[in-house]
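> sequence unknown, structure follows:
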């Protein structure tokens, strides 16, 4: 049924962020095989010291993203057949993040920026207040819904050249989170969100390259979210001078 | 390296230039036929308040827009302290303004 | 060689916008200097305008008009993307910007030759 040869040539990054090289492995091809399966096979059968990160294996937890043939992908749900080129695979650690070892990156800068983008809930009520109903058709709710399926996998962050060129830039995921919070009618401090995304690393650095949206494994549209933030911050600038 | 103020300056200067660019392109297409001469250019523009304000506005907006654009490109290619970036931005803007003002006065003033 | 995560329409639109903007910014000082010759040395300006009659220079002028037009249309697309409600047809608009720039710069070229 499949025309995949018996063995694939797989290059895997070994080393840390400063020193390292790609190491070649021969990996048996199988029907219905994911990139994560390939990496796991190498670790279990060829080199137990290979370091990588995963948890759920079903595309929910966002831990297993890596660069596959130069493109950031969630490896647990990327089929080998979809990305194999001339029987070759190249698997590396996510771009734009410090490498801890081999395929495992330090995701602290990514999550720190979520906090810096003010992607936190500012409550309007106490825990004793009754639950406020929100219509699913409400315009703000529709905008917020489009961003809430983010699994924090950092694929967009790795795909973004503005992140690569500007260490202060908050990045697509954090800004999309800020846009979601901004559109939450239960959020009490929208100005805090606008202030957080208007600084030197804010949404205005985005060049709308759209790599975040192209590569998001969940089909989200951070470029749209960032454009939304630019729109509301520009309106706020015209109204309040900031 | 864009905060909201630089971003707004960049976008507002762009919006100011949008109709001016269309006008400039139209003039170019109109004027280029049969070649250009100094006398022909000056005959159209010299002593005209309209052309002075058209190209004067254009030069100011273009200087601001280009300086911010160059700043972004530079900041994304090399790591520079914020102060050095500001010096570069202001420097580019002032050089363009000065050269642009000379050009506009040369072709519009008597 | 363009790296694989960049091989999509809007990244190409981005690099075109950046390169055209950079080209225009670098061209501006020359443009201003040549025009200011009208004030200081009109005969040198005429000499320069004579020089631009050479065919290869006409092609370069075509390039400059293309840069200006593509930066103009690409910029309009970005302004609409950022300040108007989201529109899903960004790839078509980006392609339209390039087509519009070709139309304008070719019109200029045909009038110039």
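Okay, I see it. Every value quoted in this text rests on a predicted model; they were computed, and no experiment measured them.

> what's near enough to touch the spatially most central residue of chain B?
To find the centre residue of chain B, average its C-alpha atoms and take the closest one (C-alpha atoms, centre = their mean): that gives residue B:62, at 2.6 Å. Contacts for residue B:62 were tallied using C-beta atoms under 8 Å, 6 or more residues apart in numbering or on different chains; they are B:13, B:17, B:96, B:100, C:28. Heads up, the C-betas are built off the backbone N, CA and C, glycines and all.

> so the third one makes contact with residue B:67?
Yes: under the criterion of C-beta atoms under 8 Å, residue B:96 lies in contact with residue B:67, with a separation of 6.7 Å.

> Could I get the full set of helices for chain B?
Residue ranges of the helices in chain B, as given by DSSP state H, are B:4-32, B:38-45, B:49-77, B:82-108.

> just checking, what packs against the first one?
The contact analysis (3 or more C-beta pairs under 8 Å, 6 or more residues apart in numbering or on different chains; DSSP states H and E) places helix B:4-32 against helix A:222-240, helix B:38-45, helix B:49-77, helix C:55-83, helix C:90-112.

> Now with 7 Å, please.
helix A:222-240, helix B:49-77, helix C:55-83, helix C:90-112 (3 or more C-beta pairs under 7 Å, 6 or more residues apart in numbering or on different chains; DSSP states H and E).

> What of the last one?
The elements that helix B:82-108 packs onto, with contact taken as 3+ C-beta pairs under 7 Å, 6+ apart, are helix B:38-45, helix B:49-77, helix C:9-40.

> what mean pLDDT would you report for the helix or strand following the longest one?
If I follow you right, that is helix C:9-40. The helix or strand immediately downstream of helix C:9-40 is helix C:42-51, counting by DSSP states H and E. With pLDDT averaged residue by residue, helix C:42-51 scores 82.

> thinking again about what came up before, let me have the helices and strands packed on helix B:4-32 in a markdown table, extended by mean pLDDT and distance to residue C:6.
Converted to a markdown table, the helices and strands packed on helix B:4-32 look like this (pLDDT from 0 to 100; distance: least, C-beta to C-beta, whole Å):
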| stretch | mean pLDDT | distance to residue C:6 |
| --- | --- | --- |
| helix A:222-240 | 95 | 14 |
| helix B:49-77 | 96 | 15 |
| helix C:55-83 | 94 | 17 |
| helix C:90-112 | 93 | 14 |
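
> Closest to chain A out of the contacts of residue B:62?
For the contacts of residue B:62, the closest approach to chain A (C-beta to the nearest C-beta) belongs to residue B:13, at 13.8 Å.

> Relative to residue A:218, how far out is residue A:147?
Applying C-beta to C-beta, to the nearest Å, the value for residue A:147 to residue A:218 is 10 Å.

> Just give me the neighbour total for the nearest residue to residue C:55 once chain neighbours are set aside.
Nearest-residue entry for residue C:55: residue C:113, 7.5 Å, with adjacent residues in sequence omitted and distances by C-beta to C-beta, 6 or more residues apart in numbering or on different chains. If you count neighbours by other C-beta atoms under 10 Å in any protein chain shown, residue C:113 ends up with 12.

> what residue lies at the spatial centre of the chain?
You didn't say which chain, so I picked chain A. For chain A, the residue sitting closest to the mean C-alpha position, by C-alpha atoms, centre = their mean, is residue A:154 at 2.3 Å.

> not what I meant, chain C
Centre-most residue of chain C, counting by C-alpha atoms, centre = their mean: residue C:67, 1.1 Å.
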